[in-house]
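J.: Okay, structure incoming, though there's no sequence with it:
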């Protein structure tokens, strides 16, 4: 059986350590935090989408001199 390299699937990450339930829980908690920051008003879909983006986007690395 031929193995494929990770580069063959650029949309998949190879260093994923979070399971789907863990990721969903992080998104849920972030969405709830956004809802509370806004005074418990607003659109839950907007909160979920923002939370999903916040949780799944790679964090920029800071360079310390």
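T.: Sure, I can see it. Being a predicted model, the structure only gives us computed values, none of them experimental. Numbers count the residues shown, from 1 in each chain.
J.: Can you say which helix or strand has residue 40 in it?
T.: Here residue 40 is covered by no helix or strand, with elements defined by DSSP states H and E.
J.: mind listing what residue 56 touches?
T.: 23, 27 (CB atoms under 8 Å, 6 or more residues apart in numbering). For every residue, glycine as well, the C-beta is placed using N, CA and C.
J.: And it, what's its pLDDT?
T.: pLDDT recorded at residue 56 is 93.
J.: Which residue, other than its chain neighbours, is closest to residue 29?
T.: residue 51 (8.0 Å; CB to CB, 6 or more residues apart in numbering).
J.: And the one helix or strand the one you found maps to, what's buried?
T.: Per DSSP H and E, residue 51 falls inside helix 44-56. Within helix 44-56, the residues that count as buried by 16 or more other CB atoms under 10 Å are 47-48, 51-52, 55.
J.: Make JSON lines out of those residues and add distance to residue 29.
T.: Shown next, in JSON lines, are the buried residues of helix 44-56 (distance: CB to CB, whole Å):
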{"residue": "47", "distance to residue 29": "11"}
{"residue": "48", "distance to residue 29": "11"}
{"residue": "51", "distance to residue 29": "8"}
{"residue": "52", "distance to residue 29": "12"}
{"residue": "55", "distance to residue 29": "9"}
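J.: Nearest to residue 41 among those residues?
T.: For the buried residues of helix 44-56, the minimum distance to residue 41 (CB to CB) is 10.6 Å, reached by residue 47.
J.: Distance check, the closest one against residue 61.
T.: 27 Å (CB to CB, to the nearest Å).
J.: again with residue 34
T.: In terms of CB to CB, residue 34 sits 25 Å off from residue 61.
J.: Looking at these two, which is more packed in?
T.: residue 34 (17 against 6; other CB atoms under 10 Å).
J.: shaky segments in the chain?
T.: Across the chain, the ranges flagged by pLDDT under 70 are 1-18.
J.: Do you have the helices of it handy? List them.
T.: Here the chain has its helices, by DSSP state H, at 20-37, 44-56.
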